[in-house]
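A.B. asks: after the sequence you'll find the predicted model.
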Amino acid sequence: MDWLRAASGKTRFGRLIYGKIVCIRHGYRFVSTTHRMTNEQRTSEVEEIHSLWDDTPCDRSPSVSNLRVSAFKRRYSSACCLNVLLLMALVFAIGAILYLILLPKLNAWSRNVQTEVVIYCGKINGVQHDNVVTFLGIPYALAPTDENRFKRPVELTTTELCKRAWSQNFTARLPKRSVHKMFEYKAPCMQLVPITDELVGSEDCLYLNVFVPVAGLQLGADLKPVVVIINSLFFMYGGVSGLPITQGQQPHSQTIQRADAIHVTFNFRVGPLGFLIHPTVRQANLGLYDQLAALRWVRNNIRSFGGDPTKITLFGYGSGATSILALSFSHLGQNLFDNMWVSAPAVGIPRMTTDQAISRSLGLYSCDPRGQRKCPQGLLTRAEDIVRLWNWTQVEPWLRDHMFGLPERYGRGGNSSQAEIESVSLNHILVNDGELIDATRWYRPVYRQPTVFGQTAHETSIYVAPTTVPFWDEAFYRQYMVQKLTAGTTVDRAAIERHIKSNNSMKNCVNPSTQVDFDVEAQLTGLITDARCTCPLGSMAKALIPYGNVVYQYYLRGTHRRFDPYALASFVSLAFHGWDGMIYLRGYTSHTDFLEPITQLERNGADDLTRLEELSNLLNDAMYMFSRTGQISNWTPVSAGRFHVNLIENGTVCQLTNFLEEHCVLWEELTNGDMIRLAWQV
């Protein structure tokens, strides 16, 4: 500093610069170190600065005011304050992140909600979201692979079996010594994707999922009723997750909360691995046995989730509904469930015997004599090859001609011939094995069960046949109907014309009869729906009344946004097969094709989310009552001589008399009263 003082003393400007440097240097040292000095050191430092003040032009410097600061500023520098603020901001940010991460657990703890439960095979942990705790991918049987393929499921009835099932996907330790995180869906059972025949899924697929309202897991909460969902399409496709065809088939959190019931979904074997009997093993209906195993698991374990094992309702549509009927007519399904809600089942009596099924499958399983499918012992053994036995080239004609087309035969039927079974192999899937299925007990439930039969107004609109229907006009439609329905019958043209005219006037909850614009697609699919579903289902409802069953029947009508619900390249805006199930589950809130605006080339004005929510609320409220009491207070049950149908339309429900009679008068005349003959076959 001496050399700087000597140099700067030569000019007035130099002295000014030197003074500023000294003031800044000592001022900084004073402010930054004063809090670490003793009183004597502080006094000495101040005196030194005062001496510098007298010797230098600090008194003429604008920066001299920097030394006249408050006690706080003398003790804490600006850098120090900035560091403190940054530290506080960092602590706040970390706290916010931890809060968001721990919020679900904090909510659970604050409400005494337990996401960890103990089942027979050990401890499992679920995840809480939207006031629902989900447990995904719980095994209920051993994987049906290797020596267990083509056989009934091996249920987890011992600790050793539990260990084998859980070690395949989780940990080799005994389940009772660890907590398994049930956070992800398992793969669906092996199957082909419609149209493309892409192979998807896994043979290791016997898993289920449990969805519990948060209130059900609170300490001291009352037991909740249980709704077990059985979903499948044509016995060929289905699974709880991961497939385009199963979009919208899982229960939404709003459905679970509104119905205030635990919901269970599960995988079971479909296609040839589930319903095509192996010619040497000779065990039929394996998919149904998987369902029995899942239901036994629910009965034995659902109390651990806060569920009431004495209030189990089965819910399904299509082949899922058909499965429920089969279980209700079987002594093996006795005491496994208490109520059933089935929509649009196939109610035809299963007529294929075990010997007929083996004869059919022997031809399918046999290796190609030209050597294109080589296999040991002359029969296919690889799962991938077996699944392809029922590919789209077999499924598509069956859907077009036998599922969603007009019936071609109207006479009374008996047992199916072997030639018929082999000519349309998919028309007979369930086997009358005399054990699980006994055709003599069909329509005769083992014990009384409150039942809901449901359907939509245009079940067959999901796959319109013939494919040229969208190009028809009214005149061509009338000509087609007269030609098809009068061939080989005693019904004359006038009767067909009368039915077409009456079918175009639609009863609803507001007006007894309303004439609507002629829509060929709606007319044809409505007529086929009456033949395949409405009239046979009404006949079944009447057949159950003498057994003391409480039976409700509903008919859901309406339009919606045009979309492709099952990835069948079939876009529909009418109330299609399974639409009521999708409304109950609120599947439209997650179906990508329904939500994707780019694909919405047409939107019907009646299809807004508010109206769909009203319909969902209506069905959820009905399930709330039905799952608890077996009754629905504002619906009218079917009774002897009074066959009321509960019409659901535009978010409301009303009761119509003579509804089935008006829809079925033509088909009753064509079949001489045997309308069951028109039903989808199983």
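C.D. replies: Perfect, I can see it now.

A.B. asks: show me the contact partners of stretch 622-632.
C.D. replies: Applying Cβ atoms under 8 Å, 6 or more residues apart in numbering, the contact partners of stretch 622-632 are 225-227, 258-261, 311, 313, 315, 338-339, 341, 450, 452, 550, 552, 584, 633, 635, 637. (Glycine included, C-beta is placed from N, CA and C.)

A.B. asks: could I get the average pLDDT for it?
C.D. replies: Mean pLDDT, computed over stretch 622-632, is 97.

A.B. asks: show me which residues of that stretch are buried.
C.D. replies: For stretch 622-632, the neighbour count (16 or more other Cβ atoms under 10 Å) marks A622, M623, Y624, F626, S627, R628, G630, I632 as buried.

A.B. asks: give me the phi and psi angles of the third one.
C.D. replies: It stands for Y624. Main-chain torsions, Y624, degrees, to the nearest 10: phi -50, psi -50.

A.B. asks: the closest residue to T529 other than its chain neighbours: neighbour count?
C.D. replies: Spatial nearest neighbour of T529, excluding adjacent residues (Cβ to Cβ, 6 or more residues apart in numbering): E459 at 4.4 Å. E459: 29 surrounding residues under other Cβ atoms under 10 Å.

A.B. asks: give the contact list for E459.
C.D. replies: Contacts for E459 (Cβ under 8 Å, 6+ apart) come out as A344, T525, T529, R532, C533, F576, H577.

A.B. asks: nearest to F471, of these?
C.D. replies: Comparing the contacts of E459 against F471 with Cβ to Cβ picks out T525 as the nearest, at 15.2 Å.

A.B. asks: and stretch 483-490, how far out from the chain middle?
C.D. replies: What separates the centre of stretch 483-490 from the centre of its chain is 43 Å, taken as Cα atoms, centre = their mean, to the nearest Å.

A.B. asks: for stretch 444-454, that is, sorry about that
C.D. replies: The answer for stretch 444-454 is 24 Å, by Cα atoms, centre = their mean.

A.B. asks: and the end-to-end length of that stretch?
C.D. replies: Taking Cα to Cα, to the nearest Å, stretch 444-454 runs 19 Å from one end to the other.

A.B. asks: got the buried residues for that stretch?
C.D. replies: Neighbour-count burial for stretch 444-454, counted by 16+ other Cβ under 10 Å, picks out P445, V446, Q449, P450, T451, V452, F453, G454.

A.B. asks: got a list of what the first one touches?
C.D. replies: When contacts are counted by Cβ under 8 Å, 6+ apart, P445 is found next to S328, F329, L544, Y547, N549.

A.B. asks: in helices only, show me the buried residues of stretch 622-632.
C.D. replies: Using DSSP state H, the members of the buried residues of stretch 622-632 that fall within helices are A622, M623, Y624, F626, S627, R628.

A.B. asks: and the protein, what are its domains?
C.D. replies: Listed domain ranges for the chain are 2-76, 111-139+179-471+526-554+576-590+607-682 (source: automatic domain parsing).

A.B. asks: tell me the mean pLDDT over the first one?
C.D. replies: Model confidence over domain 2-76, given as mean pLDDT, is 50.

A.B. asks: so where's this protein shaky on pLDDT?
C.D. replies: For the chain, applying pLDDT under 70 flags the ranges 1-77, 103-113, 168-177, 368-376, 409-425, 488-489, 504-507, 510-516, 597-607, 641.

A.B. asks: number of residues surrounding T353?
C.D. replies: Neighbour count for T353, taken as other Cβ under 10 Å: 20.

A.B. asks: show me what it is bridged to.
C.D. replies: Taking DSSP bridges, one obtains N432 as the residues bridged to T353.

A.B. asks: next: L314.
C.D. replies: L314 forms beta bridges with V228, M340, as assigned by DSSP bridges.

A.B. asks: re the thing from before, can I get the buried part of the contacts of E459 as one PyMOL selection?
C.D. replies: Here the buried members of the contacts of E459 are turned into a PyMOL selection, burial being counted by 16+ other Cβ under 10 Å:
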select buried, resi 344+525+529+532+533+576+577
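
A.B. asks: including distance to D473 and secondary structure, could the contacts of E459 go into JSON lines?
C.D. replies: Conversion of the contacts of E459 to JSON lines gives the following (distance: Cβ to Cβ, whole Å; DSSP: H, G, I helix; E, B strand; the rest coil):
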{"residue": "A344", "distance to D473": "29", "secondary structure": "coil"}
{"residue": "T525", "distance to D473": "16", "secondary structure": "helix"}
{"residue": "T529", "distance to D473": "21", "secondary structure": "helix"}
{"residue": "R532", "distance to D473": "25", "secondary structure": "helix"}
{"residue": "C533", "distance to D473": "27", "secondary structure": "helix"}
{"residue": "F576", "distance to D473": "23", "secondary structure": "coil"}
{"residue": "H577", "distance to D473": "26", "secondary structure": "coil"}
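
A.B. asks: now the contacts of E459 in CSV, with distance to H252?
C.D. replies: Below are those laid out as CSV (distance: Cβ to Cβ, whole Å):
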residue, distance to H252
A344, 21
T525, 28
T529, 27
R532, 29
C533, 26
F576, 19
H577, 20
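
A.B. asks: before we move on, the earlier item: of the buried residues of stretch 622-632, closest to S590?
C.D. replies: M623 (19.1 Å).

A.B. asks: now that closest one: how far from V226?
C.D. replies: Distance of M623 to V226, given as Cβ to Cβ, to the nearest Å: 11 Å.

A.B. asks: residues that sit against both of the two, list them.
C.D. replies: A261, T313.

A.B. asks: now the helices for the stretch 451-600 of the chain?
C.D. replies: 474-486, 493-503, 520-529, 535-544, 579-585, 592-595 (DSSP state H, counting those that start in this stretch).

A.B. asks: dead centre of this structure: give me the residue that sits there.
C.D. replies: Closest to where the C-alpha atoms of the chain average out (Cα atoms, centre = their mean) is Q250, at 1.3 Å.

A.B. asks: looks to me like that one is in a strand.
C.D. replies: No. Looking at Q250 with DSSP: H, G, I helix; E, B strand; the rest coil, it is coil, so not inside a strand.

A.B. asks: just to revisit the earlier point, need the buried residues of stretch 622-632 in TSV with distance to A487, can you?
C.D. replies: Output for the buried residues of stretch 622-632, formatted as TSV (distance: Cβ to Cβ, whole Å):
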residue	distance to A487
A622	42
M623	44
Y624	49
F626	43
S627	47
R628	51
G630	45
I632	43
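
A.B. asks: follow-up on the earlier one: of all the helices of the stretch 451-600 of the chain, which one is nearest D290?
C.D. replies: Among the helices of the stretch 451-600 of the chain, helix 579-585 comes nearest to D290, with 20.1 Å by Cβ to Cβ.

A.B. asks: which other residues reach the closest one?
C.D. replies: Contacts with helix 579-585, where a contact means Cβ under 8 Å, 6+ apart, come from 229, 231, 248-252, 255, 315-317, 343, 454-456, 554, 556, 560, 565, 587-588, 591, 612, 615-616, 619-620, 623, 648.

A.B. asks: thinking again about what came up before, ok, so of the ones in helices among the buried residues of stretch 622-632, who is nearest A569?
C.D. replies: Using Cβ to Cβ, M623 is the member of these that lies nearest A569, at 32.3 Å.

A.B. asks: against I632, how distant is the closest one?
C.D. replies: According to Cβ to Cβ, M623 and I632 sit 9 Å apart.

A.B. asks: same check, this time on N427
C.D. replies: Plainly put, N427 is 35 Å away from I632 if you go by Cβ to Cβ.

A.B. asks: now swap in G320 and tell me
C.D. replies: Remark: distance between G320 and I632 (Cβ to Cβ) = 21 Å.
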